[in-house]
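Novice: The following block contains a protein sequence and its predicted model.
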Amino acid sequence: SSYGIGAASGPTLSADSAAGAAAGGGGFAPSSLPSPEAIKAELDRYVIGQDDTKRVLSVAMYNHYKRLRIMRDPGTAAAAEGADTNGGEASSDEQEGEQLAQMGSDEEESIDLDKSNIMLLGPTGSGKTLLARTLAKLVDVPFTIADATCLTQAGYVGEDVESILSKLYQNSGGSVESTQVGIVYLDEIDKLARKADAITMTRDVSGEGVQQALLKMLEGSVVNVPERGGRKGPRAEQISIDTTNILFICGGAFTGLTRVVNQRKQDTVIGFDAKMRSKDASAVQLDDSAVGSTPLQVEDLISYGFLPEFVGRFPVLAKLASLEEADLVRVMTQPRNALLKQYRALFAADGVDLGFTNDAVRAIAARAKKANTGARGLRSIVEEVLLDAMFELPSWSARGVQRVVVTRETIEEGRPPELTPPPQEVEEDDEPLRHSA
């Protein structure tokens, strides 16, 4: 039998979200407050596995929306606070015999809700960037994805950190107010780590220097950004953007972090009680794909090469586990934009139906798991397997082939896929078949 790879419908969070996106061009609608369960349900349709990370992101999005609603309507927070200070059993200072902490406040005191930036840690192909791109489709606030590898300190070749806000400003349609409540996803953040073997006499302008430049932006400050993008200049028109309410989400593979954690766990005892370890015993197999399941501490990220001040700007650490073979099978078949659905659509454009047997899909997943490339390596495997078929596809379509089925032998042994019905023979005197667009 073959895996079903039919189509699915698009995302719909709520009627308020849809109305806000249609009326405001993607701007934030104060009435739109999707619950964490609703946000996670939409992420489940696009991303396989990583339930813990999706819960973290869903709560972060919900709290971000809620902070914006409280900012626009301070009466919401005041009403919630008044509900806790009213008389009755709910306002008692004791709960089941335990004294509750005193959190009394002045009635005229306003509470500032700080944001909680998020750092995603996971091996390559685990879904970090896909989660960010999916969030960008679901939210009603400006969203941008930036690459940390392009950033350098001001005055050096590369992009300034202000270019991140410039992209967010452009995605907001040129609205400063919308930009100041947007969301930024900074990819490849692990590439900013200070290398332990770096030459100390040279300035680390693309690593530690960028971390220092991002500190104030992450915490919240007013940043001058070129209105038309590009680098800062004395003659360029600039706008001021307050980053206090901009949510920053960073993600990276953190290659080598498991080695840092392993070194921390090893005992360094000197003396007669020291543990003697041979070279064979100490040669532990360190797999970077296990970073998502490794118990981390803040000191591990600091030892990896991040400034303590930089790590402190990310109170939420979410770890993504490496995908197993069963997860990779679901990645290829179940999500709305599943990989095999995409290739099936390509074949359908030539009037040919494409199918994969169960064993074939599992064989593709096994190859990707062995290569340790995660979901990102699935496309290269399918491209390799279907190369000859896609080359012959126009000819097969003209010769009456209606269905192409990829089997396990096609994946493992390189055999051609099964064609139904077999292609008709073409006489030598006939003109070569041409594929009409």
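Specialist: Yep, that arrived. The structure displayed is predicted, hence computed values, not measured ones.

Novice: just the helices in the stretch 1-150 of the chain please.
Specialist: Defined through DSSP state H, counting those that start in this stretch, the helices belonging to the stretch 1-150 of the chain, from first to last, are 15-24, 36-46, 51-72, 75-85, 128-138.

Novice: Would you single out the least confident of the ones you listed?
Specialist: The stretch with the lowest mean pLDDT among the helices of the stretch 1-150 of the chain is helix 15-24, at a mean of 38.

Novice: Look at residue 347 and give its secondary structure.
Specialist: Reducing the assignment to helix, strand or coil with DSSP: H, G, I helix; E, B strand; the rest coil, the entry for residue 347 is helix.

Novice: Residue 370: neighbour count?
Specialist: The number of residues packed near residue 370 is 10, by other Cβ atoms under 10 Å. Any C-beta I mention is one placed from the backbone N, CA and C, and that applies to glycine too.

Novice: That one should be in a helix, yeah?
Specialist: Yes: under the criterion used here (three-state DSSP), residue 370 sits inside a helix.

Novice: Spell out which residues make up each domain of this protein.
Specialist: With automatic domain parsing as the criterion, the domains of the chain are listed as 9-78+113-196+204-269+286-322, 325-420.

Novice: Tabulate those in a markdown table, adding columns for distance to residue 100.
Specialist: Formatted as a markdown table, the entries for the domains of the chain read as follows, by distance: least, Cβ to Cβ, whole Å:
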| stretch | distance to residue 100 |
| --- | --- |
| domain 9-78+113-196+204-269+286-322 | 20 |
| domain 325-420 | 43 |
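
Novice: weakest of these in terms of mean pLDDT?
Specialist: Mean pLDDT per stretch puts domain 9-78+113-196+204-269+286-322 lowest among the domains of the chain, at a mean of 78.

Novice: Now do the strands in the stretch 51-200 of the chain.
Specialist: Counting by DSSP state E, counting those that start in this stretch, the stretch 51-200 of the chain forms strands over residues 94-95, 98-99, 118-121, 143-147, 183-187, given from the N-terminal end onward.

Novice: Could you export the fourth one as PDB, CA atoms only?
Specialist: Spelled out, that is strand 143-147. Extracted C-alpha coordinates of strand 143-147, given in PDB (Å, rounded to 0.1, in the frame of the first residue of the first chain):
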ATOM      1  CA  PHE A 143       7.500  39.300  11.800                       C
ATOM      2  CA  THR A 144      11.000  39.000  10.300                       C
ATOM      3  CA  ILE A 145      13.600  36.300  10.100                       C
ATOM      4  CA  ALA A 146      17.200  37.400  10.100                       C
ATOM      5  CA  ASP A 147      20.500  35.500   9.700                       C
END
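
Novice: Adjacent strands (with direction) for that strand?
Specialist: Looking at strand 143-147 with DSSP bridges, its paired strands and their directions are strand 183-187 (parallel).

Novice: what's the angle between the following helix or strand past the strand it pairs with and strand 183-187?
Specialist: Next helix or strand after strand 183-187 toward the C-terminus (DSSP states H and E): helix 208-219. Interaxial angle, helix 208-219 versus strand 183-187 (axes from the mean of the first three to the mean of the last three Cα atoms, to 10 degrees): 160 degrees.

Novice: my read: residue 180 touches residue 241, true?
Specialist: Yes: under the criterion of Cβ atoms under 8 Å, residue 180 is in contact with residue 241, at a separation of 6.0 Å.

Novice: Which residue, other than its chain neighbours, is closest to residue 59?
Specialist: residue 36 (5.1 Å; Cβ to Cβ, 6 or more residues apart in numbering).

Novice: Then residue 47?
Specialist: With Cβ to Cβ, 6+ apart as the criterion, residue 47 has its nearest non-adjacent residue at 5.1 Å, and that residue is residue 127.

Novice: And for that neighbour, the neighbour number?
Specialist: For residue 127, using other Cβ under 10 Å, the count is 27.

Novice: do residue 398 as well
Specialist: The number of residues near residue 398, taken as other Cβ under 10 Å, comes to 17.

Novice: and if you look at the one 3 residues further on?
Specialist: Using other Cβ under 10 Å as the criterion, residue 401 is surrounded by 21 other residues.

Novice: one step back: which of the strands of the stretch 51-200 of the chain sits most buried?
Specialist: Each of the strands of the stretch 51-200 of the chain was assessed for mean neighbour count using mean count of other Cβ atoms under 10 Å. The highest is strand 118-121, with a mean of 25.
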